[in-house]
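Engineer: Turn this into a structure:
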Amino acid sequence: MTELEPPVAREEIEDAPTKAKIRAGEEVVKQALEKYDSEEVLIGFTGGKDSTLTAWIVKRVCEEQGFEKPDFMFVDHGQHFDELEDYVRRLADDWGFGVTVSKNEDLIEKAENPGDKVPVEELNERNQKEAERVGDYEEVPWLMDTEAGNHLLKTVPMNELLENRGIRAVINGVRWDEHESRGDEDFYSPRTDPDHIRVHPILQLDERDVWDVSWFHMVPDVTGVDINSYPEMEEDLPEGYSKEELPISPKYWKGFRSLGSEVSTDKREEKPAWLQDVENTKERAGRAQNKDDKEIMDKLRKLGYM
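Structural biologist: Residues are numbered from 1 along each chain as shown. Sure, this is the predicted structure:
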């Protein structure tokens, strides 16, 4: 696999000014797109704030450097908020990205309702093998609250897509501060089964950085209108703009801090996410998933989870 050298050391960028962090992220993307053709690259896109910011960085690099834009990779686990799926399509259209969807049809079609458990023996051969890799499961739920469910609904369809498309690089919006299992992640992280490299342009941003960059750099960049303070409501947006026209995922306006699934994620407060105390409260506390335990998350990541 092609070696890529990080453009900046961690100790040099963690406490750097915001613009320097953005430039570092752009250089991470630029080096990857110089090494790989656009059809060999996908952007892991969930519709959340981190993947939106990552897509914006890729957009800027592609438009400034003349690279073809890679597709979004949207892993459809069947339990996304309706607004999120609409947002993914809208942003892709607005920014000129294609969308490639991966989905574990085999598991989802065998369950009627979220939480229903499907006997492993009824799944196809690959899913049976993947369930065995995670643990000694007799049933797998159509739900991301167990290791097996999460692995089969997210990582397995993603890996099948990478194999089928011959993907060599996946650009993901993970951050050092997001979860302790990601605290030692690198800007370029080689993976196996299938062989590819993960490219991480926003590792250096914390949750507050993400909102600062989103509102004070990304939104002005795409609208041409400067924003100097966080909006509290839609009426605070630049004249002529509605929240549906901006690259801010809609659930954050409603108080969600992290977007997992419709059946297992709760909002933290009523006020928008960027107005909450992100410095002193847990970002993922609204999620019910047991994968947020470090030991379980480490296990899933070894199996290929983002």
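
Engineer: which residues of the protein fall in helices?
Structural biologist: Listed in chain order, the helices of the chain (DSSP state H) span 10-13, 18-35, 49-65, 82-95, 105-109, 125-134, 147-150, 156-165, 207-213, 219-223, 250-253, 294-302.

Engineer: Quick check: which of the ones you listed is buried the most?
Structural biologist: helix 147-150 (a mean of 24; mean count of other Cβ atoms under 10 Å). (Each C-beta comes from the backbone N, C-alpha and C, glycine too.)

Engineer: For that helix, what is the distance to the chain centroid?
Structural biologist: 18 Å (Cα atoms, centre = their mean, to the nearest Å).

Engineer: before we move on, what about stretch 228-246?
Structural biologist: Using Cα atoms, centre = their mean, the offset of stretch 228-246 from its chain centre is 24 Å.

Engineer: And stretch 69-85, by the same measure?
Structural biologist: So, by Cα atoms, centre = their mean, the centroid of stretch 69-85 is 10 Å from its chain's centroid.

Engineer: Show the end-to-end separation of that stretch, please.
Structural biologist: 20 Å (Cα to Cα, to the nearest Å).

Engineer: Could you pull out the buried residues of that stretch?
Structural biologist: 69-81, 83-84 (16 or more other Cβ atoms under 10 Å).

Engineer: ditto for stretch 166-182
Structural biologist: Quick answer for stretch 166-182 (16+ other Cβ under 10 Å): 167-179, 181-182.

Engineer: Name the nearest residue to R168, sequence neighbours excluded.
Structural biologist: Nearest in space to R168, with sequence neighbours left out and distances taken as Cβ to Cβ, 6 or more residues apart in numbering, is E40 at 4.3 Å.

Engineer: So, low pLDDT: which residues of the stretch 101-250 of the chain?
Structural biologist: Counting by pLDDT under 70, the stretch 101-250 of the chain contains no low-confidence residues.

Engineer: mind running it again at 80?
Structural biologist: 136, 145 (pLDDT under 80).

Engineer: re earlier: for the buried residues of stretch 69-85, work out which two are farthest apart.
Structural biologist: K69 and Q79 (28.0 Å; Cβ to Cβ).

Engineer: OK, contacts around G47?
Structural biologist: Going by Cβ atoms under 8 Å, 6 or more residues apart in numbering, G47 touches 74, 80, 84-85, 87-88, 91, 249, 259.

Engineer: Got phi/psi on V278?
Structural biologist: Per-residue torsions, V278: phi -70, psi -20 (degrees, to the nearest 10).

Engineer: and it, how far is that from K251?
Structural biologist: Distance, V278 to K251, using Cβ to Cβ, to the nearest Å: 15 Å.

Engineer: Same question for E85.
Structural biologist: Taken as Cβ to Cβ, the span from E85 to K251 is 12 Å.

Engineer: do E12 as well
Structural biologist: 34 Å.

Engineer: got it, and L162?
Structural biologist: 28 Å.

Engineer: With T223 instead?
Structural biologist: From T223 to K251 the distance is 21 Å (Cβ to Cβ).

Engineer: Equivalent analysis for W176, please.
Structural biologist: On the measure of Cβ to Cβ, W176 and K251 end up 24 Å apart.

Engineer: and what of V88?
Structural biologist: 12 Å.

Engineer: cool, and P7?
Structural biologist: Counting by Cβ to Cβ, the gap from P7 to K251 is 32 Å.

Engineer: quick one: buried residues of stretch 108-120?
Structural biologist: Buried residues in stretch 108-120 (16+ other Cβ under 10 Å): 108, 110-111, 114, 117-118, 120.

Engineer: Put together TSV for those, with distance to R23 on each row.
Structural biologist: As requested, the buried residues of stretch 108-120 are arranged in TSV below (distance: Cβ to Cβ, whole Å):
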residue	distance to R23
I108	41
K110	48
A111	46
P114	42
K117	48
V118	47
V120	48
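
Engineer: coming back round to it: closest one of the buried residues of stretch 166-182 to L152?
Structural biologist: Closest to L152, out of all of the buried residues of stretch 166-182 and judged by Cβ to Cβ, is V170, at 18.7 Å.

Engineer: which residues does the closest one form a beta bridge with?
Structural biologist: V170 forms beta bridges with L42, R198, as assigned by DSSP bridges.

Engineer: Next, the contact list for it, please.
Structural biologist: Residues near V170 by Cβ under 8 Å, 6+ apart: 41-44, 73, 162, 196-199.

Engineer: is it true that S249 touches L259?
Structural biologist: Yes. Judged on Cβ atoms under 8 Å, S249 makes contact with L259 at a distance of 6.9 Å.

Engineer: between those two, what contacts are shared?
Structural biologist: Counting by Cβ under 8 Å, 6+ apart, the residues touching both S249 and L259 are 47-48, 84.
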